[in-house]
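Visitor: this one's structure only:
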């Protein structure tokens, strides 16, 4: 089978573009350089851990012992996924925390970005530091990919 020059150029271009994507992902992750658009990574790097910007771990407030003051939502390992994906917001009627495939409709994104339609404060409610634009982009990507429990 003979492969044409345009086909080879196309394949090489795609390979180089794909290789560049991984590097860019690490660049946008900012204070969480290992953050990936998977639930396991978000749990480990965002929910469970503080980062180098000084942002506190989400589980500092969103834990089983503080459910009344944290929108009734625990982000601790083992329960966070079932508390987020497909679950209605306890504070904003009609809002769903995470809608697989729809980051713009997911209330989690609204809270992280501090949109004007949220009830209460932008997260984290400690007043910052907030997640960076890059960290939010990676969470958005996880939602776009179907918000899998991966």
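Guide: Cool, got the structure. As the structure is a prediction and not an experimental result, all values here were calculated from the model. Numbering: from 1, shown residues only.
Visitor: all contacts plus neighbour counts: C-alpha atoms, from now on.
Guide: Will do.
Visitor: which ones are touching residue 117?
Guide: The neighbourhood of residue 117, defined by C-alpha atoms under 8 Å, 6 or more residues apart in numbering, consists of residue 110.
Visitor: would it count as being in a strand?
Guide: No: checked against DSSP: H, G, I helix; E, B strand; the rest coil, residue 117 lies outside a strand; its state is coil.
Visitor: next up, phi/psi of it, please.
Guide: phi -90, psi 0 (degrees, to the nearest 10).
Visitor: against residue 141, how distant is it?
Guide: Noted for residue 117: a distance of 22 Å to residue 141, by C-alpha to C-alpha, to the nearest Å.
Visitor: isn't residue 73 up against residue 61?
Guide: No: at 9.2 Å, residue 73 does not count as touching residue 61 under the criterion of C-alpha atoms under 8 Å.
Visitor: the closest residue to residue 115 other than its chain neighbours: neighbour count?
Guide: Take residue 115 and drop its neighbours on the chain: the residue closest to it by C-alpha to C-alpha, 6 or more residues apart in numbering is residue 122, 7.7 Å away. Counted by other C-alpha atoms under 10 Å, the residues lying close to residue 122 total 18.
Visitor: which residues are in contact with residue 122?
Guide: 111, 112, 113, 114, 115.
Visitor: most widely separated two among these?
Guide: Greatest spatial distance in these: 112 and 115, 8.1 Å, computed using C-alpha to C-alpha.
Visitor: of those two, who's got more company?
Guide: residue 112 (21 against 13).
Visitor: for that one, give me the pLDDT.
Guide: pLDDT, residue 112: 96.
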